[in-house]
Every structure is written in C-alpha cells, then in structure tokens.
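Asks: Below are the sequence and a predicted model; questions follow.
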Amino acid sequence: MTTATKVALAFVIGAMALGLVSLTAVPAKAASVPYDLYGSLTSGWGLTSTSETNPGPMLSANAGDTVTITLHSTDGLAHKLLIDYNGNGVADPGEPLSAQFTTTTTLTFVANQAGTFQYLCTIHGSAMVGTFTVQGTGTPAPSDNSGTLLIVGIILGVVVVAGVSVLVLRSRN
Ligand SMILES: [Cu+2]
C-alpha cells in the first residue's frame, strides 16, 4: 500500500466517522403529545376524572410537538379550553382554543411558542386554570427537512474529502 493510498484511506475513514457524528446530531423529530384533561367548575382540571385540582396539572411539550388534548366535562357544564400565550385571559388569534364542550371534544395544535403559559376555561376563568410549558427554541427546523439536511451534509463532506484527497495524491506525484 503506497503512502498516497494510506492517506486516501484515512480520509475515507474520517468521512465515515463524520457521517456517523452528523447522524447523531440530527434533532429528534417533533413528537405527538397526547393528553386527556378532565374539567369541572367546582374542582378545576385533572389528568383523570378523580384528580381535578385548581390550578390543574402542568402540561408540557417540546417546541414543534403536535399536542392533542382530549377534553372531558365531568360536571356536564359547558367548558372551553384556551392556551393563553399572551396571558391576557381571553382568546386571541393564534392561541389554541377548543370548541365549547359539555361532554368531550379534542383540541389539536402545534406547540410553536416556547415558554410557560396559563391554560384556562374561557367560561369559568380563574376557577379552571393550569400551566402549560413548552421547552425549546420555539423555531425548530421542520422535522421533514432533517433528512434532506443530513444528505446535503454528507454530500458536502464527501466532496470536500475527495477534493483534499486529490490534492494530496497530486502533491505526491
Ligand atoms: Cu369551565
């Protein structure tokens, strides 16, 4: 094996190692986060029908996750869940808001803002509140782009390694 071949081989092994590193560096795909949330005017919110408190349980997600909250009214009264991003107590455009429900309904939204927020029933206000926390930057790369970014990164790496290898081989002739 010539020295040039050894150098080229070393670069190839290096490129494979870089590829492995870039594989592990790809961020986790956005997850689906399901919750069941039970509510009543006199008891507040709970993850089960028998554990309602006010304030209710802390709900959490990572930025970019799709959150699905299955809502249940345990007192037969009408409720309406709001994730109150700006904390003003009323539903604003862009804030997740469920349909009004007396039995059950489902609220699905993408957790696109990082931070700690209050959730509440817009009908019963401070009698039915809780905390919703979103970890992360709030501007995650779309999950379906990570594969493309990885491939582009590997191609760039191979091109750079090939170029350097050619230069090294030429310098030895
Ligand atoms: Cu309510």
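Replies: Noted; the coordinates are in hand.
Asks: Run through this structure and note the low-pLDDT ranges.
Replies: Along the chain, segments meeting pLDDT under 70 span 1-28, 137-169, 172-173.
Asks: can you list the domain ranges for it.
Replies: 32-135, 142-171 (automatic domain parsing).
Asks: The spatially closest residue to residue 86 that is not a sequence neighbour and the ion: what is the separation?
Replies: Nearest non-adjacent residue to residue 86, counting by C-beta to C-beta, 6 or more residues apart in numbering: residue 92, 6.2 Å away. All C-beta atoms are positioned from the backbone trio N, CA, C, and that covers glycine. Noted for residue 92: a distance of 19 Å to the ion, by C-beta to the ion, to the nearest Å.
Asks: which bits of this protein sit near the ion?
Replies: Selection of the chain residues close to the ion by C-beta under 5 Å from the ion yields 79, 121, 123, 124, 128.
Asks: how about the residue lying closest to the last one once chain neighbours are set aside, what does it touch?
Replies: In space, and not counting its chain neighbours, residue 128 is closest to residue 121: 3.7 Å by C-beta to C-beta, 6+ apart. Taking C-beta atoms under 8 Å, 6 or more residues apart in numbering as the criterion, residue 121 is in contact with 39, 79, 80, 81, 82, 127, 128, 129.
Asks: Apply 10 Å and report the result again.
Replies: 39-41, 44-45, 56, 71, 73, 77-82, 98, 100, 127-130 (C-beta atoms under 10 Å, 6 or more residues apart in numbering).
Asks: Residue 79 now?
Replies: So residue 79 contacts 37-41, 45, 71-73, 98, 100-102, 105, 120-124, 128 (C-beta under 10 Å, 6+ apart).
Asks: got it, and residue 55?
Replies: So residue 55 contacts 44, 45, 118, 119, 120, 126, 128, 129, 130, 131 (C-beta under 10 Å, 6+ apart).
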